[in-house]
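**Q** model the following, please.
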Amino acid sequence: MLPIPRSEWGAKPPRWTTRHLTPVNNVFIHHGAVELKDHSQEGEAATLRAYQRHHVETRRWSDIAYSFAVGVESGRVYELRGWDNRGGATRNHNKDSYAICLIGDTTKQQISQAAIDAIRELIAHGISSNKITPGFQIHGHRDVKSTNCPGESAYAVLSQMHPGQGESPDEPAAIPVLKPPPYVKALRLRRPRMRGYAVKWVQAAVGATPIDGIFGPGTKKKVVAWQRANGLVADGIVGRRTWKQMFG
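**A** A predicted model of the protein is given here:
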């Protein structure tokens, strides 16, 4: 499978590039968060050009941030930064990942089977080309940032994007997740209303809902109950001792 090259969707040259060291261990799925109504190649290309203008002219990044893009309905694959240039879409993970963006808004639009298949084939090609390790993990952007990206329809089928997994509805594959961050990342949880993917780990551990990455009153209440049940000081602060008992 050959992605549609940059020249065919009208990309402008990058301001600069950084060589990507491969193979990488992670693939992150994003979405553009703008509802796509024109699913023709011309419509998708126009949307990609808009993404690039926003990233370069507004955010002052070097280029459109993602490695590849896939039409949410069509399943067409587009080359963005590609295999050889480091992406800029997944903060703290650009060095060890590729970012694949769905062209559309999967909080409002249903991802098609064609798009799922295209992502799976793209990743399989990356593995066979030694760009992605065979034991890689696939994640949604929300796994490492307080965001809804990608939307629910894409996040629900992450496992189906993994080559050889999740293709049979009778044998769904588990969605791999990142290892909990070290305690130094959790220090921020001492202050109320803090945000971040460390908060999501705590919310999942204590049964808080929604898992939105915001350390609000509801999360604190759940932390207090968890601490009390586990013989800790029930102060609602995720300090070193609480973190260690939660995650080892």
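**Q** quick check: next helix or strand after the helix or strand where Gln203 lies?
**A** The secondary structure element spanning Gln203 is helix 197-206 (assigned by DSSP states H and E). Next in sequence after helix 197-206, counting helices and strands by DSSP H and E, comes helix 217-229.
**Q** contact partners of that next one?
**A** If you take Cβ atoms under 8 Å, 6 or more residues apart in numbering as the criterion, helix 217-229 is touched by 192, 199, 202-203, 205-209, 233-238, 242, 246. Every residue, glycine included, has its C-beta placed from N, CA and C.
**Q** buried stuff in it?
**A** For helix 217-229, the buried set under the neighbour-count rule, 16 or more other Cβ atoms under 10 Å, comprises 219-220, 222-224, 226-227.
**Q** check stretch 114-131 too.
**A** Those buried within stretch 114-131 under the rule 16+ other Cβ under 10 Å are 115-120, 122-123, 125-126, 131.
**Q** helix or strand next in line after the longest helix seen in the chain, which one?
**A** When secondary structure is assigned using DSSP state H, the longest helix within the chain turns out to be helix 113-128. Next in sequence after helix 113-128, counting helices and strands by DSSP H and E, comes strand 132-140.
**Q** name the strands paired with that next one and say parallel or antiparallel.
**A** Based on DSSP bridges, the pairing partners of strand 132-140 within the sheet are strand 24-31 (parallel).
**Q** next one: the partner strand to chain centre, how far?
**A** 6 Å (Cα atoms, centre = their mean, to the nearest Å).
**Q** circling back: average pLDDT across the helix holding Gln203?
**A** Averaged across helix 197-206, pLDDT comes to 76.
**Q** export it to CSV, keeping only CA atoms.
**A** Only the C-alpha atoms of helix 197-206 are listed here, as CSV (Å, rounded to 0.1, in the frame of the first residue of the first chain):
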residue,chain,number,x,y,z
TYR,A,197,-2.6,11.5,31.8
ALA,A,198,-1.3,10.7,35.3
VAL,A,199,-4.7,11.8,36.6
LYS,A,200,-6.3,9.3,34.2
TRP,A,201,-4.3,6.5,35.7
VAL,A,202,-5.5,7.5,39.2
GLN,A,203,-9.1,7.8,38.1
ALA,A,204,-9.0,4.3,36.5
ALA,A,205,-7.4,2.9,39.7
VAL,A,206,-10.0,4.3,42.1
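**Q** got the buried residues for it?
**A** For helix 197-206, a neighbour-count test (16+ other Cβ under 10 Å) marks 197-203, 205-206 as buried.
**Q** what of stretch 89-100?
**A** Applying a neighbour-count criterion of 16+ other Cβ under 10 Å, the buried positions in stretch 89-100 are 89-90, 93-94, 96-100.
**Q** for stretch 241-248, same thing?
**A** 242-243, 246.
**Q** how far is stretch 86-97 from where the chain is centred?
**A** Averaged over its C-alpha atoms, stretch 86-97 has a centre that lies 10 Å from its chain's centre (Cα atoms, centre = their mean).
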